[in-house]
Each structure stands twice: as C-alpha cells, then as structure tokens.
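**Student:** how would this look folded up:
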Amino acid sequence: MKRRNWLWFVASALLAVLAGVLAMVVIRGQQDEQPIEEKQQVVVARNPIAINDVIRIDNVTLAERAEFPSGVAVAPADVEGCVALRNIAQGEAILMQDVYCASEPGEDILEDKVAIALPAEDILSKWGAVLPGEHVDVLVTMDVILETPMYPQDLRTVEDLELYAIERDQSMDNVSVLTLQNLEVIQIIEEPAPEGEQDPENPVPRNRALVLKADPQDAVVLKYLLDAVGTVTVVKRSVENEALFNVQPVNINYLMLRYGVVLPQPLE
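**Tutor:** Numbers count the residues shown, from 1 in each chain. Got it, this is the predicted structure:
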C-alpha cells in the first residue's frame with residue numbers, strides 16, 4: 001500500500017513538472033509570435049522652420065519613426081518649395097496639412113493670364129501676412145503735377161476756391177490711388193541661400209516676392225508702377241469678394257475738403 005502511494009506521488013510530481021515546462025514553452029512561443037514593431041521613414045525638419053517660410057530641400061531630412069500622425073510627408077520632394085503654415089520644430093515630422101504647396105509650374109496660370117513677381121517690401125508681404133491662395137489689391141502713391149484743385153466741384157463757395165488757389169501751391173502733390181484689384185497670390189518665392197550658409201540658428205535674411213496671377217495688361221501696369229514709383233503697398237481682400245471698388249484718389253485737397261481742414265490765417 002505504501003509503495004502504491006509512493007508511485008502516485010512520483011507520477012503527480014512528474015505531471016506537475018511537465019505542466020510547468022509546457023506552460024513555459026507556450027509563453028515563450030507567444031512572445032516570439034508578437035509582431036515586430038515596424039518603422040517607416042518620414043520627413044522631419046532638419047532645422048526649425050518658421051511660419052510662412054518656403055521649405056528648401058536642405059531644411060528637411062528622412063528619419064525612421066514607429067509612430068507618426070496621419071498625413072505625414074514621406075518624401076522630401078513632397079514639401080520642397082511649399083510654404084509652412086505654422087512653426088515647425090527641429091526634428092518634428094512634417095504633415096502635409098501644415099504646408100501649402102503650389103501646383104506644378106504653370107498649372108495655376110490660365111491661358112489668358114500671366115505670372116508676375118512683386119517684391120515683398122510692404123509690411124503685410126514682408127512680415128508673412130500674405131499667403132498663397134489669397135487675393136490682394138495694389139495701392140501706390142506717386143508725385144503728380146496739379147494745376148487746379150483735384151475736385152473743384154467740391155468747393156462750395158467762391159471764397160473756398162480762392163482760399164485753396166492762393167494758399168495751396170498746386171505745382172506738385174502726392175496722390176495715393178487704388179490701382180490693380182483682385183490679384184491672386186499663386187506662390188511666394190525666396191532668393192537662394194548664400195553659399196556656405198550652414199548656421200540654421202542665425203540664417204541670413206533673404207528677399208521674398210509674391211508671384212501674382214494677372215491679366216497681361218495689368219502686368220504691364222504693375223511693371224510701370226515698380227519702375228516709376230519703386231514701391232507699392234498691397235491690401236488683402238476676401239477670396240469670395242470679386243467686386244471692383246470705385247475709390248477716389250487721395251491728395252491734400254481731398255483730405256482738407258473731406259475733413260474740413262481750414263488753413264491758418266497768417267499773422268498780421
């Protein structure tokens with residue numbers, strides 16, 4: 001009887017050992033079957049990219065990431081020449097929804113339109129407030145020769161006419177006018193980086209320009225304004241607003257008549 005009990009004890013111990021070994025084999029097999037974490041190459045910023053900057057090929061690089069958000073760029077060519085719509089930190093993955101990329105060269109220009117570059121010298125353009133896809137109007141101030149008041153019909157009395165004619169020298173005057181209207185910005189370009197620039201934290205400032213889609217005649221007008229006046233100012237308008245504004249030119253006479261400015265009388 002004792003011998004039978006001993007046999008049962010040995011058999012139970014062997015079964016326990018076999019169960020433990022089997023459990024270890026199963027657990028190890030499950031661990032071996034777990035999927036290997038896959039990584040994918042995505043486009044990341046090689047250096048900080050500021051909002052409205054045009055992304056150059058040397059601003060980005062490829063990096064392997066196991067986790068990345070939806071819409072991430074996977075090739076540097078996807079974002080080259082695009083405009084950053086937000087600040088992008090160094091090493092951050094670049095998303096296609098965070099950049100604006102113009103279409104292929106010439107694709108945005110209709111058959112009866114041309115593209116002309118306007119130097120970004122006014123405040124809105126220079127400081128990045130104008131983006132591709134937006135529409136702008138062009139303001140300009142020029143020197144003109146005026147022999148008579150610009151709007152004599154607005155002078156209500158003969159005394160007013162005499163006052164302005166005597167006290168105001170009309171030989172030269174500055175006149176501000178609204179010229180070209182509803183021009184679409186199709187691209188923002190930047191001059192190439194100087195040779196040897198390798199310090200991303202202290203980049204050399206470079207000139208920028210707006211590429212505008214315009215009628216050929218409007219392009220000639222803009223060319224004249226740039227050559228004759230030198231600088232122009234752009235104002236933004238809603239993309240949905242296609243109206244042409246009827247705006248009067250403004251000179252010193254306009255300001256004085258509209259706001260009731262009275263010239264001081266000379267001291268006796």
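
**Student:** any idea which helix or strand carries Lys223?
**Tutor:** helix 216-228 (DSSP states H and E).

**Student:** mind listing what's buried in that helix?
**Tutor:** The neighbour-count check on helix 216-228 (16 or more other Cβ atoms under 10 Å) flags 218-219, 221-222, 225-226 as buried. Every residue, glycine included, has its C-beta placed from N, CA and C.

**Student:** Check which helices and strands that helix sits against.
**Tutor:** Applying 3 or more Cβ pairs under 8 Å, 6 or more residues apart in numbering; DSSP states H and E, one finds that helix 216-228 makes contact with strand 114-119, strand 135-144.

**Student:** 10 Å - rerun?
**Tutor:** Applying 3 or more Cβ pairs under 10 Å, 6 or more residues apart in numbering; DSSP states H and E, we find helix 216-228 packed against strand 114-119, strand 135-144, strand 183-190, strand 208-214.

**Student:** and the third one, what does it pack onto?
**Tutor:** The reference is to strand 183-190. Strand 183-190 packs on strand 83-84, strand 114-119, strand 135-144, strand 208-214, helix 216-228, strand 233-237, going by 3+ Cβ pairs under 10 Å, 6+ apart.

**Student:** returning to what we had before: can you put the helices and strands packed on helix 216-228 in JSON lines and add distance to Ser70?
**Tutor:** Listed next are these as JSON lines, based on distance: least, Cβ to Cβ, whole Å:
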{"stretch": "strand 114-119", "distance to Ser70": "33"}
{"stretch": "strand 135-144", "distance to Ser70": "31"}
{"stretch": "strand 183-190", "distance to Ser70": "27"}
{"stretch": "strand 208-214", "distance to Ser70": "31"}
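
**Student:** Nearest to Val262, out of these?
**Tutor:** Closest approach to Val262 among those (Cβ to Cβ): strand 135-144, 24.5 Å.

**Student:** With distance to Tyr100 and pLDDT added, can I get the buried residues of helix 216-228 in JSON lines?
**Tutor:** Output for the buried residues of helix 216-228, formatted as JSON lines (distance: Cβ to Cβ, whole Å; pLDDT from 0 to 100):
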{"residue": "Asp218", "distance to Tyr100": "24", "pLDDT": "93"}
{"residue": "Ala219", "distance to Tyr100": "23", "pLDDT": "92"}
{"residue": "Val221", "distance to Tyr100": "27", "pLDDT": "93"}
{"residue": "Leu222", "distance to Tyr100": "23", "pLDDT": "92"}
{"residue": "Leu225", "distance to Tyr100": "27", "pLDDT": "91"}
{"residue": "Leu226", "distance to Tyr100": "25", "pLDDT": "89"}
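
**Student:** which of the residues you listed lies closest to Pro76?
**Tutor:** Of the buried residues of helix 216-228, the one sitting nearest to Pro76 (Cβ to Cβ) turns out to be Ala219, at 33.2 Å.

**Student:** contacting residues around that closest one?
**Tutor:** 113-116, 180, 183, 212-213 (Cβ atoms under 10 Å, 6 or more residues apart in numbering).

**Student:** could you check the distance from it over to Asn251?
**Tutor:** Relative to Asn251, Ala219 is positioned 27 Å away (Cβ to Cβ, to the nearest Å).
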